[in-house]
Structures are given as structure tokens and as C-alpha cells.
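Visitor: My questions are about this predicted structure, shown below with the sequence.
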Amino acid sequence: MPTKYLLNVFSNEDNRYQESFTTTFMAEAKVTLSATDLNNYGKDASLAGHVVNIGDTALVTSRKPVANKASRPYLVVDINDLYNADGTVVTNNLYNKLYPNMSKFFVKKYSTGNSNQYSDIFVMRLAEVYLIAAEADVLLGKTDEAADMVNVLHKRACKAEDFVTGKMKASASEMTIDYILDERARELCGEHMRWYDLKRTKKLKERIEKYNKNIKAFDESIHYLRPISQDYLDVITNAAEFGKNPGY
């Protein structure tokens, strides 16, 4: 489940949100809405007997508040159904599995049941090269150059034909490590890099406390390192010498 921070980090002008998440889901079976279903999900009782056919909209998830949810002939789960004001996840079993679904690497030509997928995989993303350069420029105080690197990505990601009028042109004054981390979230979410990014920039504790309050047990003296697998230690000849990281 994405954090509230991740859903909100994309501007309305940024096409990467739509390209990264599926938010509308279609019915795969014909369903007649019952009074019990409507009551469970807070829908208007007048929808009883409404038929949802295969291919009809069954669920819409939104990172924004949605008006008139109860009267719509499909389930709507918006940002307020999923998260509290502080970003913690709402403890509602009906909605905890219904959220914008990360789908940026979904391969549409394969069926769900096909486990043998022979597609290209990325080894390194050109976008990350620009972000590495931007981060280095920020650390060197070259904020103009950092903005130039970020704007290469913004030109591609902006919904508008002109990224200046589309309000996505980044400025030198915005260029900080925090901005770069936000940009890496927008560009690289779901690509297994976040822990390394926050560790490298020494922002792990700060960002957890600010943006992921569901994490309660973070220990800075332990969690900047990962545990070493016991399976790994079991197959090497010097396991005792190799040892474990502190706290594990």
C-alpha cells in the first residue's frame, strides 16, 4: 500500500501518477448490488438491485476527496477512506486492500496466470542518471545545473505540451536534497531504491517520522543497516568471523 506522502507527491500536471498507478477497476463478473453490500460500503439504498455488468466500472480509487460517493453506482475509495490526517493508515478492513495500485511495470500482453514472462528488464534507468547528476549538483551548490537535470524529466512527464505553462518547470531556488528525494519518489517509486536513497542522504529517520507514522519502532542505531540472512551465513565457511549487524 502506498503512503499518503507518495500519492500526494505528484502534482496534478505530472503524468507520472497516471503512468505509475491504476485507479479505476472494471468488473470481471456480473453483480447485482444487494442492500447488505450497499450498507457495508456506505452506498445509497436506492442503488439496491443495480446490475454491474462485466466491463462496467466497479471501483474507483482516488488520491483526492470525492463528493457524492454514496450515490455513484460503483465503489469509490478516496484519500480520506484510506488515511488519517497524519498519514497513518485507517484501520478499516473493507478499504485497506482497495487503493491506487502500483502498475508501472505491468505487462499487459500476459494473462494473470502466466508466470513465464519473457520481457526486457531495465538494468539502469536514464532518468536515474539525470537524478544522480542533479543530486551531485545540489551537493556542490550548483543549483542551476541541478534544475536543468530535473527539467529534462519534467519536460517528458508534464501533461501540457509546454512544461513552462504546465507549471512543471523546476527552478534553481527549489533545488535541495529534499526536493531531489521527492523527485526520486515521483520517478522511481516501486523500483526498490527508497531505503538506499534515504540511507545515503541520512534522511531515513527524518522522513519516516514525517511521512510514514505507521512505523513506530525505528531505531537509528540499528536500522541504517539491514540484517544478514541466516541462510547466507549457513553456507559460508567463516560465518562466525562474518557475524551479524548490530541489533539483529
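Guide: Received, thanks. These figures come from a predicted structure and were not determined experimentally.

Visitor: Show the model's pLDDT score for Lys97.
Guide: Confidence at Lys97, expressed as pLDDT, is 87.

Visitor: quick one: Asp219 from Asn15, how far?
Guide: 39 Å (C-beta to C-beta, to the nearest Å). Glycine gets a C-beta too; all of them are placed from N, C-alpha and C.

Visitor: So for the two, which residue has more residues nearby?
Guide: Neighbour count, other C-beta atoms under 10 Å: between Asp219 and Asn15, Asn15 has more, with 15 against 9.

Visitor: where does the chain have low pLDDT?
Guide: 107-119 (pLDDT under 70).

Visitor: pull the longest strand from it.
Guide: strand 57-61 (DSSP state E).

Visitor: wait, isn't Met26 in contact with Asn53?
Guide: No: Met26 is not in contact with Asn53 according to C-beta atoms under 8 Å; the separation is 9.8 Å.

Visitor: before we move on, back to that, tell me what the longest strand of the chain is packed against?
Guide: On a contact count with 3 or more C-beta pairs under 8 Å, 6 or more residues apart in numbering; DSSP states H and E, strand 57-61 meets strand 24-26, strand 75-77.

Visitor: Could you rerun that using 10 Å?
Guide: Secondary-structure packing of strand 57-61 (3 or more C-beta pairs under 10 Å, 6 or more residues apart in numbering; DSSP states H and E): strand 24-26, strand 75-77, helix 79-82.

Visitor: ok, residues contacting it?
Guide: The contact list for strand 57-61 (C-beta atoms under 10 Å, 6 or more residues apart in numbering) reads 7, 21-29, 31, 52, 66, 69, 72-79, 81-82, 95, 98-101.

Visitor: Report the buried residues of that strand.
Guide: For strand 57-61, the neighbour count (16 or more other C-beta atoms under 10 Å) marks Ala58, Val60, Thr61 as buried.

Visitor: The protein: strands as residue ranges?
Guide: Ranges of strands within the chain are 21-22, 24-26, 31-32, 51-52, 57-61, 75-77, 101-102, based on DSSP E.

Visitor: Buried deepest among those strands, which one?
Guide: The highest average neighbour count among these, using mean count of other C-beta atoms under 10 Å, belongs to strand 75-77 at a mean of 22.

Visitor: Tell me where this structure has helices.
Guide: Secondary structure of the chain (DSSP state H): helices located at 4-8, 16-20, 35-40, 79-82, 126-139, 143-157, 177-188, 194-200, 204-211, 230-235, 239-242.

Visitor: got the contact list for the closest residue to Asp86 other than its chain neighbours?
Guide: Once flanking residues are discounted, Asp86 sits nearest to Lys213: 5.5 Å by C-beta to C-beta, 6 or more residues apart in numbering. The contact partners of Lys213, by C-beta under 10 Å, 6+ apart, come to Thr3, Lys4, Tyr83, Asn84, Asp86, Gly87, Thr88, Val89.

Visitor: Is the last one bridged to anything, and to what?
Guide: On DSSP bridges, the residues paired with Val89 through beta bridges are Tyr83.

Visitor: Kindly tell me how buried it is, as a neighbour count.
Guide: Other residues within reach of Val89, judged by other C-beta under 10 Å, total 17.

Visitor: got the contact list for it?
Guide: The contact partners of Val89, taken as C-beta under 10 Å, 6+ apart, are Met1, Thr3, Lys4, Leu82, Tyr83, Tyr95, Asn96, Tyr99, Asn212, Lys213, Asn214.
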